[in-house]
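Undergrad: mind folding the following:
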Amino acid sequence: MAIDWLSPAFLSEFRFAAIAIGAGLIVERLRPAQTRQSWRGLAFNLATATLFLYLTMLLVPPLSGLVDPWAKRISLAIPVRFPDGVAGSVLQTIAFFVVFDFFFYWWHRAQHRWRWLWIQHRFHHQDRYVNVTTVHRYHFSEEIFRIFVIFVPMAVLFDFKPPTVASVWTAFLLWGYWIHMNLRVGLGPLGRWISGPQFHRFHHTPEYGHVNFAAIFPFWDRLFGTYHHPEPGVFPQATGVANATDGNTFYEGVVLPFVEWGRAIRRGAGGGDGAAGRAAG
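TA: Modelled structure (predicted):
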């Protein structure tokens, strides 16, 4: 498993993230959902994003390279193919992300349900000033887990044809930035079908951390009983984890999950313990 310590892929991913975050911060100033946000918190998130992107681009590609051939060998290869062109690329991309969001929904819900996974995911939710920089505020191991709980099952089941219009694919890659934006924008009835900043902002609150798990398509929440439709004009101001710090240290963002996993192993702890009840979305 070869590791490229400064791969062109990281540089490309870093440029993409920098442009998306920069544009998002400008747009947020036009109509912020939360008017007073911490510059210190924003700076910490930017530093965390750089580290997160570096570590994931360092570790995920070689690991995926090991797993992908195995997944393809046992794949059912159910074809998901639409014609070339703009319309076909839109349908191809939507099909991929509908399936992706199904697996993401259950993975995300499990992270809030099971203590072992909440240990890892809590850092993302400790942010008390959710904005576009929150998008990469994750423990880097989450991307490694996603290989096995999202992308491997998708590869084992389906054979997706790559979309021929790259801009359509790029629009969906920007979705994570969009839903984390500190932006006073409601989607109304459309919000029952696609996610937006208001929908996801509720998920980041202490009161509603157990709802709105889907990243893109809220109909998964509606189908499985975890949907909360945002009230018109309501944009929660308090985000974060109840009875916890803001997590703005690299110890909490990088080291602490390993420490807590070690403690849990020593105690022989495991299984679900209702972590969602203490989660802040």
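
Undergrad: which parts of the stretch 51-200 of the chain are helices?
TA: Per DSSP state H, counting those that start in this stretch, the stretch 51-200 of the chain carries helices over the ranges 86-113, 115-125, 141-146, 152-157, 166-173, 175-179, 197-203.

Undergrad: counting by contacts, list what the first one packs against.
TA: For helix 86-113, the contact count by 3 or more CB pairs under 8 Å, 6 or more residues apart in numbering; DSSP states H and E identifies strand 78-80, helix 115-125, helix 141-146, helix 152-157, strand 158-160, helix 166-173, helix 219-224 as packing neighbours. Glycine gets a C-beta too; all of them are placed from N, C-alpha and C.

Undergrad: residue contacts, Val80?
TA: 92, 95-96, 99, 158-161 (CB atoms under 8 Å, 6 or more residues apart in numbering).

Undergrad: pull out the buried members of the residues you listed.
TA: 92, 95-96, 99, 158, 160-161 (16 or more other CB atoms under 10 Å).

Undergrad: could you report the separation of the closest residue to Val234 other than its chain neighbours from Phe213?
TA: Excluding its sequence neighbours, the residue lying closest to Val234 (CB to CB, 6 or more residues apart in numbering) is Gln198, at 7.8 Å. Look at Gln198 and Phe213: by CB to CB, to the nearest Å, they are 15 Å apart.

Undergrad: over to Ala20?
TA: 23 Å.

Undergrad: and Ile194, by the same measure?
TA: 15 Å.

Undergrad: what about the two, which has more around it?
TA: Phe213 (26 against 16; other CB atoms under 10 Å).

Undergrad: for the more buried one, what are its contacts?
TA: Contacts of Phe213 by CB under 8 Å, 6+ apart are 105, 108-109, 112, 203, 220-221, 226.

Undergrad: buried sites along stretch 130-150?
TA: Here stretch 130-150 shows 130-143, 146-147, 149-150 as buried, counting by 16+ other CB under 10 Å.

Undergrad: how long is that stretch end to end?
TA: End-to-end distance of stretch 130-150 (CA to CA, to the nearest Å): 25 Å.

Undergrad: for the stretch 101-250 of the chain, which spans come out with low pLDDT?
TA: Along the stretch 101-250 of the chain, segments meeting pLDDT under 70 span 164-165.

Undergrad: now with 80, please.
TA: For the stretch 101-250 of the chain, the stretches with pLDDT under 80 are 162-169.

Undergrad: about what we covered before: most packed of the helices and strands packed on helix 86-113?
TA: For the helices and strands packed on helix 86-113, the largest average neighbour count (mean count of other CB atoms under 10 Å) is found in helix 115-125, namely a mean of 21.
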